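Asks: I'll drop the sequence and a predicted model, then ask my questions.
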Amino acid sequence: MGLDSLYLKQEREAEWRAELRRQTKNKDRMLIERVSMPELEPEVRVNYQDREVNSGLTREMAMQEAVRCMDCANPTCIEGCPVSINIPKFIKNIERGEIQQAASVLKETSALPAVCGRVCPQEKQCEAQCFYVQKLNKPAVAIGHLERFAADFERESGEMSVPETAKSNGIKVATVGSGPAALSFAGDMVKKGYDVTVFEALHEIGGVLKYGIPEFRLPNKIVDKELENLQKMGVHFETNFIVGRTASFDDLKEQGFQAFFIGSGAGLPRFMSIPGENYNGILSSNEYLTRVNLMGAQYEETDTPVLHGKRVAVIGGGNTAMDSVRTALRLGAEKAMIVYRRSEEEMPARIEEIKHAKEEGVEFHNLCNPLEYYGDEKGRVSGMKLIRMQLGEPDASGRRRPVPMEGSEFEMEVDLVIVAVGVSPNPLVPSSLKELKVTKWGTIVVDETKMQSSIPEMFAGGDIVRGGATVILAMGDGRRAAEKMDHFLKEKYAVN
Amino acid sequence: MNKVVKKEFFSEKVVRLVVEAPLIARSRKAGNFVILRVGEKGERIPLTIASADAEKGTIDLVAQVVGVSTSKLADLEPGDYITDLVGPLGKPTHIENVGTILAAGGGVGVAPLLPIVEAFKKAGNRVITVLAARSKDLIILEDQMRQWSDELIVMTDDGSHGRKGLVTAGMEEILQREEVNECIVIGPAIMMKFAALLTEKYNVPTQASLNSIMVDGTGMCGACRVSVGGKTRFTCVDGPEFDAHHIDFDEMLMRLGGYREEEKEALELYHLQHKLVEK
Ligand SMILES: Cc1cc2nc3c(=O)[nH]c(=O)nc-3n(C[C@H](O)[C@H](O)[C@H](O)COP(=O)(O)OP(=O)(O)OC[C@H]3O[C@@H](n4cnc5c(N)ncnc54)[C@H](O)[C@@H]3O)c2cc1C
Ligand SMILES: Cc1cc2nc3c(=O)[nH]c(=O)nc-3n(C[C@H](O)[C@H](O)[C@H](O)COP(=O)(O)OP(=O)(O)OC[C@H]3O[C@@H](n4cnc5c(N)ncnc54)[C@H](O)[C@@H]3O)c2cc1C
Ligand code: SF4
Ligand code: FES
């Protein structure tokens, strides 16, 4: 799916781009300092679950930052992007003030740019490969911030372009789930003229984008806007529908669905199987975040309850852990703590989220691990026993393995514990399709270049294939599956 | 959106709703449940599918009013809509011809027990049913149960209907009298705990259907976890029925109380608002 280099070259030679390059010398571009994202004050933002922390760049800031980009002849940034966004082209459009154009460049390859601009781990992807980082040892061009700016600008202008769709070919395809993998698949397939239906088990579309990632990072209305766009393009949505249960795959085939994309995600939360883990007040991050983000449990007028804690410990160091601990702060915790068994360097969370959590007053207890929980007479968690860890040899993940330090046990008082130590693939689909090949971890086996499963008309991607991964990787899978399924179906039906 | 087509009260606190849900009516099996939500601000609550009419495309739900959400549900009238309804969820009951089945239901647990009793009877078993409740007006679905049972015993705590005594007294009578091949109990956790202790004594394999707290019902949140045989299991995808002799009922009882304070506040608020509206 990588952009071909000839195309990139041609694009780069466009007169307007050559002109921009002539206008400002690289030497001058390099002198500009990287823009910093304006954000809400920590003291203010901890009071609101639904106020975005990052407030977005102004047009002037974005245009200035865009000047930093040197429109490299060999844009290595693109190689770092899992969906190969034509990064210099969109940035140069911002530099010349053609923001709508920039947004449409983004949409050539990304179905959800406003989402990606907010949640992608840019510092590990495109920005890590930027010339500034690679060769100049300077902060990368703020590609993520610019992406968000362009997408927001377009949305707020009220002139969102609806991508063109091919004439209907009458072939029905379905997605299982409605997370980013399924949505990007659906967007591409509808563009190619397919009749696409997205089935979602929950009562809202969006997968983790809705029930997991909090509104202070990704407002639901932004996800909804992107969904509206897909709807305008003709994608059908069915909520409250569990494929394999509400109707079987055979039922759906009978209704004319010719092929399926399984994007059912990694829902199943992992626990640590340590004594006392089932006390009340110990819950998975999925439960905690779902109660708040999907069900609005923090508001008085909703019926769903959520537990409030004064001393909250969140176990884990990923984005899920950061989201949970910051949510706990916003729901009134006096002490909100991260308990992570490695050091900060190994934390999988986005650097920005770690920074934001610290600013908000989250305490980090790195290099320690819970061993046991204690409860009060009512069965509510009241404390935990921890052990300190040190880092040993690298393990399979390439990170140094945490090893318990004998005799270093200590206790901590807590009244709410959120376990965020990872998820396993959602077992619903494999359990209803015996002939579908899965790995011993429960992920669906696919041919990596085609995203095709052991059942030819079933493609799969996102977390159900990768285990817990990222939004952009899920989207990349969805797009690749769309391309390959298109070939598959055209061959099968000899349509053109 | 699923339309309520019929509603009737079995007792002051127990309501039966017939709801349009054609796909679920077709695919559900005994033991399955749905999760529904009343209103945009409502919470997701699980309810067993008591029976279904595949031709009419309807399912029956029987709910006992305990808190806000079941109150809102019971307030719906025919023609109103349930905002969201998803299912069928959970593993269906394992139904086989094993000989004699002892089915014990307590309180509103009788509703989820009904389709199971029906299925066991249709599979050729001899079915003996024990229904129990605190008093006469809390006994539900007696006639429907009788239709699918070879024998039916009713027990009430206060003796106002059937025999006086707890469900276990009725069960023990049968267990002493004849060979029972399998037992299934559904009711309050405390009742299931004592029923399980009883059948363990008589060495009768026993299934209990657990009513843990749930959110999504698809194995995503872990709220419904229970310990069975020392392992953590999720009621919504691994259950709701488990081997009763291996369930940690004490832990389950403790977990059910987990949101009690929060739920109580919500109910008080709801009643208050209702009163204000009525004025
Ligand atoms: C709290 C949290 C924070 C995160 N933060 C980030 C971040 O900052 N950046 C980042 O890149 N990634 C982040 N991630 C990871 C990212 O969200 C996931 O990798 C991504 O959402 C996976 O997408 P997906 O399409 O595979 O599935 P999901 O988003 O998991 O969606 C799957 C959907 O399928 C539905 N479903 C399952 N089975 C069925 C069925 N049988 N029928 C119908 N529907 C079904 C589920 O209900 C669910 O809605 C985060 C994850 C979490 C939990
Ligand atoms: C698989 C399954 C099937 C069920 N089938 C039926 C059925 O057919 N008919 C029926 O009347 N009820 C059934 N229940 C129980 C029903 O879901 C609860 O009564 C309901 O969620 C209570 O909601 P509420 O808002 O009215 O009460 P709440 O205010 O939420 O709760 C009142 C009290 O009930 C307890 N509680 C909360 N949630 C649950 C729960 N999910 N299960 C049990 N107790 C709970 C709390 O401890 C609280 O103190 C089932 C539960 C499960 C898990
Ligand atoms: S590598 Fe950096 S400077 Fe070069 S084109 Fe990409 S974003 Fe611009
Ligand atoms: S209800 Fe969420 S995992 Fe069972």
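Replies: Yep, it's here. Ligands and ions are numbered 1, 2, ... in the order given.
Asks: what's near enough to touch A:Ala62?
Replies: A:35, A:94, A:99, A:145-146, A:149-150 (Cβ atoms under 8 Å, 6 or more residues apart in numbering or on different chains). The C-beta positions use only the backbone N, C-alpha and C, and glycine is treated the same way.
Asks: By neighbours, which of those wins?
Replies: A:Ala150 (30 neighbours; other Cβ atoms under 10 Å in any protein chain shown).
Asks: That residue sits in which helix or strand?
Replies: Per DSSP states H and E, A:Ala150 falls inside helix A:143-156.
Asks: who does the next helix or strand after that helix pair up with?
Replies: Per DSSP H and E, the first helix or strand lying C-terminal to helix A:143-156 is strand A:172-176. Strand pairing for strand A:172-176, determined by DSSP bridges: strand A:195-199 (parallel), strand A:257-262 (parallel).
Asks: Strand A:172-176 near ligand 1 anywhere?
Replies: Yes - for a cut-off given as Cβ under 6 Å from any ligand atom, strand A:172-176 has contacts with ligand 1, namely A:Val176.
Asks: roughly how far out does that strand sit from the chain middle?
Replies: 22 Å (Cα atoms, centre = their mean, to the nearest Å).
Asks: Do me a favour and average the pLDDT over the helix holding A:Ala150.
Replies: For helix A:143-156, the mean pLDDT works out to 96.
Asks: Not counting its own residues, what contacts that helix?
Replies: So helix A:143-156 is contacted by A:35, A:37, A:54, A:56-57, A:59, A:62, A:65-66, A:77, A:85, A:87, A:90-91, A:93-94, A:99-100, A:102-104, A:106, A:113-114, A:116-118, A:120, A:122, A:126-127, A:130, A:160-161, A:222, A:225 (Cβ under 8 Å, 6+ apart).
Asks: and if we set it to 7 Å?
Replies: A:35, A:37, A:56-57, A:62, A:65-66, A:77, A:87, A:90-91, A:94, A:99-100, A:102-103, A:106, A:113-114, A:116-118, A:120, A:122, A:126-127, A:130, A:160, A:225 (Cβ atoms under 7 Å, 6 or more residues apart in numbering or on different chains).
Asks: same question, stretch A:9-21
Replies: A:71, A:86, A:89, A:92, A:95-96.
Asks: Quick one: low-confidence residue ranges for the stretch 151-279 of chain B.
Replies: B:258, B:260-279 (pLDDT under 70).
Asks: residues touching A:Gln134, list them.
Replies: A:Thr76.
Asks: export the strands paired with strand A:172-176 to a markdown table and tack on mean pLDDT and mean neighbour count?
Replies: Listed next are the strands paired with strand A:172-176 as a markdown table, based on pLDDT from 0 to 100; neighbours: other Cβ atoms under 10 Å in any protein chain shown:
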| stretch | mean pLDDT | mean neighbour count |
| --- | --- | --- |
| strand A:195-199 | 98 | 23 |
| strand A:257-262 | 97 | 25 |
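Asks: Of all those strands, which one is nearest B:Asp75?
Replies: Nearest to B:Asp75 among the strands paired with strand A:172-176 is strand A:195-199; the distance by Cβ to Cβ comes to 30.5 Å.
Asks: How about the lengthiest helix in chain A and ligand 1, any contact?
Replies: Ranked by residue count and defined by DSSP state H, the top helix of chain A is helix A:471-493. Yes - with Cβ under 6 Å from any ligand atom as the measure, helix A:471-493 is seen reaching ligand 1 through A:471-472, A:474.
Asks: Outside of that helix itself, list whatever touches it.
Replies: By Cβ under 7 Å, 6+ apart, the surrounding residues in contact with helix A:471-493 are A:1, A:82-83, A:110-112, A:115-116, A:119-120, A:171, A:173, A:179-182, A:184-185, A:188-189, A:192, A:258-259, A:261, A:263, A:450-452, A:459, A:461-463, A:465-466, A:496.
Asks: In chain B, which residue sits closest to ligand 1?
Replies: B:Thr218 (5.9 Å; Cβ to the nearest ligand atom).
Asks: my guess is that residue meets A:Gly267, correct?
Replies: Yes - under the criterion of Cβ atoms under 7 Å, B:Thr218 makes contact with A:Gly267 at 6.4 Å.
Asks: okay, these two: which has more neighbours?
Replies: More crowded of B:Thr218 and A:Gly267, by other Cβ under 10 Å: A:Gly267, with 28 against 23.
Asks: Now do the SS call for the residue of chain A found nearest ligand 4.
Replies: Going by Cβ to the nearest ligand atom, ligand 4 is nearest to A:Glu287 of chain A, at 6.7 Å. Secondary structure, DSSP: H, G, I helix; E, B strand; the rest coil: A:Glu287 is helix.
Asks: The nearest residue to it once chain neighbours are set aside: what's it in contact with?
Replies: Leaving out its chain neighbours, the residue that sits closest to A:Glu287 by Cβ to Cβ, 6 or more residues apart in numbering or on different chains is B:Cys221, at 3.9 Å. For B:Cys221, the contact set (Cβ under 7 Å, 6+ apart) comprises A:269, A:284, A:286-287, A:290, B:215.
Asks: re the thing from before, which two among the contacts of stretch A:9-21 are spaced furthest apart?
Replies: A:Asn86 and A:Arg96 (15.2 Å).
Asks: Same drill for the two, tell me which one is more crowded.
Replies: Neighbours around A:Asn86 and A:Arg96, counted as other Cβ under 10 Å, are more numerous at A:Asn86. The numbers are 22 against 16.
Asks: List the residues that contact that one.
Replies: A:3, A:11, A:78, A:105, A:108.
Asks: Name the nearest residue to A:Leu433, ignoring sequence neighbours.
Replies: With sequence-adjacent residues excluded and distances taken as Cβ to Cβ, 6+ apart, A:Leu433 is closest to A:Phe249, at 6.4 Å.
Asks: nope, A:Pro214 is what I was after
Replies: Computed as Cβ to Cβ, 6+ apart, the closest residue to A:Pro214 that is not its neighbour in sequence is A:Asp323, at 5.2 Å.
Asks: and B:Val130, what helix or strand is that in?
Replies: Using DSSP H and E, B:Val130 sits in strand B:126-133.
Asks: so what's B:Arg16 up against?
Replies: B:8, B:10, B:60, B:62.
Asks: how much distance is there from stretch A:71-87 to the middle of the chain?
Replies: Using Cα atoms, centre = their mean, the offset of stretch A:71-87 from its chain centre is 20 Å.
Asks: Quick check: A:Val417 touching A:Ile282?
Replies: Yes - with contact defined as Cβ under 7 Å, A:Val417 and A:Ile282 form a contacting pair (4.4 Å).
Asks: list residues touching both of these two?
Replies: Common neighbours of A:Val417 and A:Ile282 (Cβ under 7 Å, 6+ apart) are A:373, A:381.
Asks: quick one on the thing from earlier: and the contacts of A:Asn86, which of them are in helices?
Replies: Among the contacts of A:Asn86, DSSP H puts A:11, A:78, A:105, A:108 in helices.
Asks: Make TSV from those and add pLDDT, distance to A:Leu436 and neighbour count to it.
Replies: Shown next, in TSV, are these (pLDDT from 0 to 100; distance: Cβ to Cβ, whole Å; neighbours: other Cβ atoms under 10 Å in any protein chain shown):
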residue	pLDDT	distance to A:Leu436	neighbour count
A:Glu11	91	41	15
A:Ile78	95	34	22
A:Val105	93	37	24
A:Glu108	84	33	14
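Asks: those helices in the stretch 51-200 of chain B, which residues are they?
Replies: B:68-75, B:110-122, B:142-147, B:167-177, B:189-201 (DSSP state H, counting those that start in this stretch).
Asks: Can you get me a residue count around residue 80?
Replies: All of this refers to chain A. So A:Gly80, with other Cβ under 10 Å, has 21 neighbours.
Asks: To clarify, I was referring to chain B.
Replies: Neighbours of B:Asp80 using other Cβ under 10 Å come to 14.
Asks: Does it touch B:Val4 like I think?
Replies: Yes - counting by Cβ under 7 Å, B:Asp80 does reach B:Val4; the two are 5.2 Å apart.
Asks: Give me the below-cutoff pLDDT ranges for chain A.
Replies: Looking at chain A by pLDDT under 70, you get A:1-3, A:495-496.
Asks: Sweet, I'm off.
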